[in-house]
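Chemist: I need the structure of the sequence given here:
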Amino acid sequence: MARVIVVGAGVVGLTCAVRLLEAGHRVDVLARDLPLETTSAVAAALWYPYRAGPEDRLLGWAAHGFEVLADLAGDEATGVVMRTGTQVLREREPEPWWRSAVPALDRETALPEGYADGWTCVLPVIEMPVHLRWLQSRVEDLGGTVTRMSLPALPAGADVVVNCTGLGARHLAGDRSVLPASGQVVRVEQMGLERWSLDAGGPTYVVPRSRDVVVGGTDVEGDWSRTPAPAVAADILARAARLVPELEGARVLAHRVGLRPVRADVRVERVDDVVHCYGHGGAGVTLAWGCAEEVVSLVGDGAGPG
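Modeler: You can find the predicted model right below:
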């Protein structure tokens, strides 16, 4: 088995580390930002293949992710819960391209004002602070390590380096095609809300968790700012209340901004002794387990090509 260094401690990096450790490799995770400091920690984290491509590869990764997350939902420590909800649409549309990745999907007829169509289904909702802690604990229980380290370049000294640096790939992989797409969210009090709601065209989403509700959002490509804007927050809350009237007047707990690492296509490939796995856009948690399986295959026994 190989000595592997995973660079990046967001959901993709930690999930890859878990799968590599389970395959018998020695794994150390190095990252500038520890798990709860990453963009992953900001995510509303509803399973949904958003802001990533190409669809043909995403479908397999997303379907595998759904299966794994549905299994994890049986363990409270993982932070995964299966929740019913509805995606609403302004116009009537055929089934979504990701339909085959979910066990059941029903056309919704009880729609908010202004919507013409919708799909109701049960999807994984992942409470990311809990899930990230669980992933880190899993890495450490399997004999891996997670260490804060700011790297000027991808490290040497391992059989294989797995690059899960998200936006950091602009520098560490020299890939200027990776761009930020800022997403502002508002955390409000949990007032007994059980169902998620999504209008992907906004995007407007309402994702209930155990102690709060994540309300979003925005999607501004090229925006590097992590500072929440009060006017944007007010607009998010107004849109969300039109979608879910129960949110009207909900007490605000916090404002956050995350930077999605967007790219025309998610990059999962091996180049010499580096396996790249980045560019997951707004679908990191949705794709992480599927991509991790491919990363394990690409690492193999650690030996380089030829």
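
Chemist: any weak-confidence spans in the stretch 201-306 of the chain?
Modeler: Within the stretch 201-306 of the chain, the ranges that satisfy pLDDT under 70 run 304-306.

Chemist: give me that answer again for 50
Modeler: 306 (pLDDT under 50).

Chemist: start from the N-terminal end of it and give the helices.
Modeler: Remark: helices assigned in the stretch 201-306 of the chain by DSSP state H, counting those that start in this stretch are 230-243, 284-299.

Chemist: for the shortest one, which helices and strands make contact with it?
Modeler: In this structure, helix 230-243 makes packing contacts with strand 179-189, strand 196-199, strand 204-208, strand 212-216, strand 252-262, judged by 3 or more Cβ pairs under 8 Å, 6 or more residues apart in numbering; DSSP states H and E. Backbone N, C-alpha and C define where each C-beta goes, glycine included.

Chemist: change it to 7 Å
Modeler: strand 179-189, strand 204-208, strand 212-216 (3 or more Cβ pairs under 7 Å, 6 or more residues apart in numbering; DSSP states H and E).

Chemist: contacting residues around the last one?
Modeler: Under the contact criterion Cβ atoms under 7 Å, 6 or more residues apart in numbering, strand 212-216 has outside partners 44, 183-190, 193, 203, 205-207, 236-237, 240, 247, 253.

Chemist: can you check the longest one too?
Modeler: The set of residues external to strand 179-189 that reach it, using Cβ under 7 Å, 6+ apart, is 42, 44, 51, 167, 212-225, 228-229, 232-233, 236-237, 247, 250-260, 262, 282.

Chemist: could you turn the buried ones of these into a PyMOL selection?
Modeler: The PyMOL command for the buried members of the contacts of strand 179-189 (criterion: 16 or more other Cβ atoms under 10 Å) is given here:
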select buried, resi 42+44+51+167+212+213+214+215+216+217+218+219+220+223+228+232+233+236+237+247+250+255+256+257+258+259+260+262+282
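
Chemist: so what sits opposite residue 148 in the bridge?
Modeler: residue 31 (DSSP bridges).
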